[in-house]
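Chemist: sequence and predicted structure, then a few things I'm wondering about:
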Amino acid sequence: MQMSHFETYIEPSTSKSSVTYDEIEAALLEAEAYRTWKIWKIGDKCQAKWTEDGQYYDATIEGITDDGEKEYLKKRNQKKLQRFRELEEEREQDKNKWLNFTTKNSKKHGMVIKSIFASPENVEGRVGI
């Protein structure tokens, strides 16, 4: 079999792994038994993520809210909704500016507005003049 210098051929292994499913399951159950859940109290030392740079720093718990971290999520969603309202308001202002611009000529009295693309009234008429 010819091979380029970028390819390699690896012979498939015929031997079975020495670790069985039962051994893996036993190891997982043992690891689960060692897992302990920390009940946090005010004054406990921990690592917390700083929102400014996303890095974790040493911190001390100063207070625990009744509803966990949902308060932070509510504030974040309120900011998002406020930003959406501001963008919508800005779009509405741009739309109104455009509408005012396009209807500006119709407000002038005594001025006949005629499109340059309108078809001529007679057969020999020219468009755009």
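Modeler: That came in fine, so what should we check first?
Chemist: helices of this structure, start to end?
Modeler: With helices called from DSSP state H, the chain shows them at 21-34, 70-102.
Chemist: of all those helices, which one comes closest to residue 46?
Modeler: Comparison of the helices of the chain against residue 46 by Cβ to Cβ identifies helix 70-102 as nearest, at 15.8 Å. For every residue, glycine as well, the C-beta is placed using N, CA and C.
Chemist: average pLDDT across that closest one?
Modeler: Helix 70-102 shows a mean pLDDT of 89.
Chemist: what comes up buried for it?
Modeler: For helix 70-102, a neighbour-count test (16 or more other Cβ atoms under 10 Å) marks nothing as buried.
Chemist: what distance separates it from the centre of its chain?
Modeler: Distance of helix 70-102 from the chain centroid (Cα atoms, centre = their mean, to the nearest Å) equals 17 Å.
Chemist: repeat for stretch 59-74
Modeler: The mean C-alpha position of stretch 59-74 is separated from the chain mean by 23 Å, Cα atoms, centre = their mean.
Chemist: contacts for that stretch next, please.
Modeler: Residues outside stretch 59-74 that contact it (Cβ atoms under 8 Å, 6 or more residues apart in numbering): 40, 41, 42, 43, 44, 45, 46, 47, 48.
Chemist: now tabulate those residues in TSV and tack on neighbour count and pLDDT.
Modeler: Converted to TSV, these look like this (neighbours: other Cβ atoms under 10 Å; pLDDT from 0 to 100):
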residue	neighbour count	pLDDT
40	10	80
41	8	85
42	9	87
43	8	90
44	12	88
45	8	90
46	12	87
47	9	87
48	12	85
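Chemist: what is the nearest of those to residue 98?
Modeler: residue 48 (48.1 Å).
Chemist: thought that closest one was touching residue 56?
Modeler: Yes: counting by Cβ atoms under 8 Å, residue 48 touches residue 56, with 6.7 Å between them.
Chemist: tell me the centre residue of the protein?
Modeler: Residue closest to the mean C-alpha point of the chain, counted by Cα atoms, centre = their mean, is residue 80 at 11.1 Å.
Chemist: that one and residue 95, how far apart?
Modeler: Residue 80 sits 23 Å away from residue 95, going by Cβ to Cβ, to the nearest Å.
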